[in-house]
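J.: Below are the sequence and a predicted model; questions follow.
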Protein chains: 2
Amino acid sequence: MMPNPVNADEVGRSARSSVMNFLNEIAQHFPDAISFASGRPAERFFRPEDWAPAEAQFYADYAKANGLSAHSARHRLAQYGATAGIVREEIAMQLRIDYRVPSSAERLVVTVGCQEAMALCILALCDKPNSALLVRNPTYIGATGVADAARIRLAAVEPAADETLDDALARRIDELAREGISPGAFYLIPDFDNPTGEVIDRENRERILDRCARHRIVVLEDNPYGMFRFEGESVPSMSELDRYGCVIHLGTFSKTLFPSVRVGSATFPESLFGDAKAAIALRDDIVERKSFLTVNTSQHCQALVGGLLRHYGGSLAGHVQEPTRFYRENRDAAVRALTYGLQGYEDRVSWNRPDGGFFLSVRLPFEFDDDALHLCATRHSVLVMPMRYFTIDDSRRDTVRIAFSNLDPERIEEGLLRFCDFAVDRMRSVSA
Amino acid sequence: MMPNPVNADEVGRSARSSVMNFLNEIAQHFPDAISFASGRPAERFFRPEDWAPAEAQFYADYAKANGLSAHSARHRLAQYGATAGIVREEIAMQLRIDYRVPSSAERLVVTVGCQEAMALCILALCDKPNSALLVRNPTYIGATGVADAARIRLAAVEPAADETLDDALARRIDELAREGISPGAFYLIPDFDNPTGEVIDRENRERILDRCARHRIVVLEDNPYGMFRFEGESVPSMSELDRYGCVIHLGTFSKTLFPSVRVGSATFPESLFGDAKAAIALRDDIVERKSFLTVNTSQHCQALVGGLLRHYGGSLAGHVQEPTRFYRENRDAAVRALTYGLQGYEDRVSWNRPDGGFFLSVRLPFEFDDDALHLCATRHSVLVMPMRYFTIDDSRRDTVRIAFSNLDPERIEEGLLRFCDFAVDRMRSVSA
């Protein structure tokens, strides 16, 4: 179905597209393995008992605001609805309070999860034959998958040893310009990146904004994990720092509420690179594209999100306190297990200790290939995610991603100690 | 955002893309006009009282089948889920019973409304540079909009006066072949077409299938209105008639249940042009593409559809009886009003009397342009839809679409008598 490889960067596509199959297969074959492969939110913090009352409240409020009976309100909202969504006020308020994103109903489009927002923005912004999507390498496969399916060129922004992220961006933009390629967007998860767990510091955020504004590249700021900070000072979001009108904020409720609600958002700048009309035209283009993908986001789901946001007082800060504490304990358990299990190998294996989010990464002194993966699953009954699956050039073969969000601390310790056993075995056999 | 027109057929894009804006604007400016513009289902037949019990039953059944507590079932289903969907069995059964579509869980993918199914299939099947999407002209803008956004060439299949639809298809395929163009799919609403209300007869269906199979063109059979037949014998669906494995059936619950649930489906043939592996590869390609557009269809919405299908005994035949009666009365009121209001002009104005569905069309002896539309709205307080908005070449300027689904018979008579007043005025002034 993809007969025309566009450029060398596309070499990674088959690896990327095999991730889903791989995950499903392994999970099927080793259902009892402790899996660090999937970055799902912890289910225990979902609160289904809140859902029916929240929905009912939303319908009651809607009825009152529109002079309808509760029954009529449900009828009306069961119809087709505005493509841009009906809970834009509620979501924009939550984005302002919880993320300090300068959102408003006019600037926001409600989408079928963040993935639709991402897809719509990438398709609209990288629409020209000489376009490209800039991504970090490795990066979230949801972004590279959109580009692959639409045959949009991917260009990796990957700092060399002596480079900052912004240095690498500058270099990449220059390289592409020499090929006549003009990137339309730069996809980023600045806070607790998936897959690396890294945070972009404020200085780099500002320099990236300066540079993107100069080259008229839109920053797609995806922020699924920003509310899950364990310690340290939060860095202002790129949307908040944006003085140029070059950031689109991509929002999701999959981690703060629950994934199956499939509600996300895109918030557009008030003026796109200083042009207010261009910002509106871009939003309208996205809305039109959405009308041809999903018509509108289910109002059944929007009512639930709108109701829950009201129910929790407009902000989800309180709602995420308990899961954040849990994820922190999980991070601690993961780091503890790695520290203990890899004693004596600290000079050969390294890992990060993220200040938040769902992921950390471990760099090994050997290639973690499919055989290693298989061995981990069969002999040690543990699953981790090879980092190469998140790259666009099949690199990072020595690194794995550890998702610590959907296990409890005991299982994390147990699983990572087993993983350490595997790593130590391998290091010994290589040394031997 | 669309700088590279691909071919002459694209001339209609701006007209097509303006439909949404036009509709919204007119509806905003003339909220009291009687509107025949929108083909929404009648809200009075939505049964919100069934929803909570149906959902609860679904969760209870799911819990039992998976050995979980009801609470755990809700937690589990609030997670990310299978991209292909969790109510495939239920939907496949309903398609078998109600449409005699040979569907099965393995062959079906649950989508965010029919629009996503349509978009995914068009994008996958018309993916090559020399591809094209065949459509009737006029046709539903949901299909042409997908092609426009992805810059897929559109090719109209439009019978000349002495041609059948299949003749026109044969001619068009030949014309395209001479240009080196190979159509990937033919989008059709064989039953009570939107916008024309027409039904393709059995002979033409079979001939179209023969021809599409010969040229390896997949038929995308969209069937939103098939269950709303007022009289006469139903024609077997193209999926049922398909002996070649060349039909994908696109399903929706927007008209049979309610639109805001945003659940639809695609059913793939067991073997694609005789190749079972190719059919699975196509389904898998669609599932992968879906994972990068919407991840999965909200399980909150799927639980509701699954629950309702069980609640109504697996079939929606009973559930649509009352609305079908209502739509028939509406069709009758529309035809009555046109017959009465256009007495003496039968030789100059014509309309069809569809045996089902939501639409009929009226052909006038003058051009129904934006001025006419405006005059109808301002002076006669009635809104109809110019057929040119559904064409890909801005043709059919003398025809309007009348949607009779979401008004009651009294309003239909009143509105169409006003429309007749307008038409008679115009005919008189032209004659004078």
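T.: Looks like it came in fine.
J.: Helices along chain A, start to end?
T.: Under the criterion DSSP state H, chain A contains helices at A:13-29, A:51-65, A:70-77, A:88-99, A:113-125, A:141-149, A:165-178, A:202-214, A:238-241, A:276-291, A:299-311, A:321-341, A:370-379, A:409-431.
J.: The longest one: which residues count as buried?
T.: Of all the residues in helix A:409-431, those buried under the rule 16 or more other Cβ atoms under 10 Å in any protein chain shown are A:409, A:411-420, A:422-424, A:426-427. Every C-beta, even on glycine, is put in place using the N, C-alpha and C of the backbone.
J.: Same check on stretch A:241-255?
T.: For stretch A:241-255, burial by neighbour count (16+ other Cβ under 10 Å) applies to A:241-242, A:244-255.
J.: wait, what's in contact with A:Arg411?
T.: A:Ile34 (Cβ atoms under 8 Å, 6 or more residues apart in numbering or on different chains).
J.: do A:Leu282 as well
T.: Counting by Cβ under 8 Å, 6+ apart, A:Leu282 touches A:124-125, A:268, A:272, B:1.
J.: Strands - which of the buried residues of stretch A:241-255 land there?
T.: A:247-252 (DSSP state E).
J.: out of those, which one sits closest to chain B?
T.: Nearest to chain B among those, counting by Cβ to the nearest Cβ, is A:Thr252 at 10.2 Å.
J.: residues in contact with the nearest residue to A:Arg44 once chain neighbours are set aside?
T.: Leaving aside its sequence neighbours, A:Arg44 sits nearest to B:His75 (Cβ to Cβ, 6 or more residues apart in numbering or on different chains; 7.4 Å). B:His75 sits next to A:43-44, A:46, A:48 when contact means Cβ under 8 Å, 6+ apart.
J.: Equivalent analysis for A:Arg388, please.
T.: A:15, A:138, A:394-397, A:399.
J.: how near is it to A:Cys376?
T.: A:Arg388 is 15 Å from A:Cys376, where distance means Cβ to Cβ, to the nearest Å.
J.: Measure how buried the residue of the stretch 301-432 of chain A at minimum distance from chain B is and give me the count.
T.: The nearest approach of the stretch 301-432 of chain A to chain B comes at A:Cys301, 5.3 Å away (Cβ to the nearest Cβ). For A:Cys301, the count of nearby residues is 25 (other Cβ atoms under 10 Å in any protein chain shown).
J.: Return the residues in contact with it.
T.: Residues near A:Cys301 by Cβ under 8 Å, 6+ apart: A:261-263, B:262, B:298, B:300-301.
J.: where are the low-confidence patches of the stretch 201-350 of chain A?
T.: Applying pLDDT under 70 to the stretch 201-350 of chain A picks out no residues at all.
J.: Could you pick out the residues of it near chain B for me?
T.: Residues of the stretch 201-350 of chain A found near chain B (Cβ under 8 Å from any Cβ of the partner chain) are A:254, A:258-262, A:281-282, A:285, A:288-289, A:291-301, A:304.
J.: Show me just the buried residues among those.
T.: A:254, A:258-262, A:282, A:285, A:288-289, A:291-301, A:304.
J.: B:Val384 versus the residue nearest to A:Gly245 when sequence neighbours are not counted, what's the distance?
T.: Counting by Cβ to Cβ, 6+ apart, A:Gly245 lies nearest to A:Pro269, which is 3.7 Å off, once chain neighbours are set aside. Look at A:Pro269 and B:Val384: by Cβ to Cβ, they are 39 Å apart.
J.: do A:Ala160 as well
T.: 64 Å.
J.: what's the answer for A:Glu231, then?
T.: Taking Cβ to Cβ as the measure, A:Glu231 falls 63 Å from B:Val384.
J.: Next: A:Ala279.
T.: Separation of A:Ala279 from B:Val384 (Cβ to Cβ): 34 Å.
J.: Neighbour count: the two, which is higher?
T.: B:Val384 (24 against 20).
J.: I figured the more buried one hits B:Phe36, correct?
T.: Yes - here B:Val384 reaches B:Phe36: they are 4.9 Å apart, a contact under Cβ atoms under 8 Å.
J.: Overlap of the contact sets of those two?
T.: Counting by Cβ under 8 Å, 6+ apart, the residues touching both B:Val384 and B:Phe36 are B:401-402, B:419.
J.: Contact residues of the stretch 1-150 of chain A facing chain B?
T.: With Cβ under 8 Å from any Cβ as the criterion, the stretch 1-150 of chain A meets chain B at residues A:1-4, A:17, A:20, A:40-41, A:43-44, A:46, A:48, A:52, A:71, A:74-81, A:83, A:112-113, A:115-116, A:119, A:123-124, A:127-129, A:142, A:145-146, A:148-150.
J.: Separate out the buried members of the residues you listed.
T.: A:17, A:20, A:40-41, A:43, A:46, A:48, A:74-81, A:83, A:112-113, A:115-116, A:119, A:123-124, A:127, A:142, A:145-146, A:148-150.
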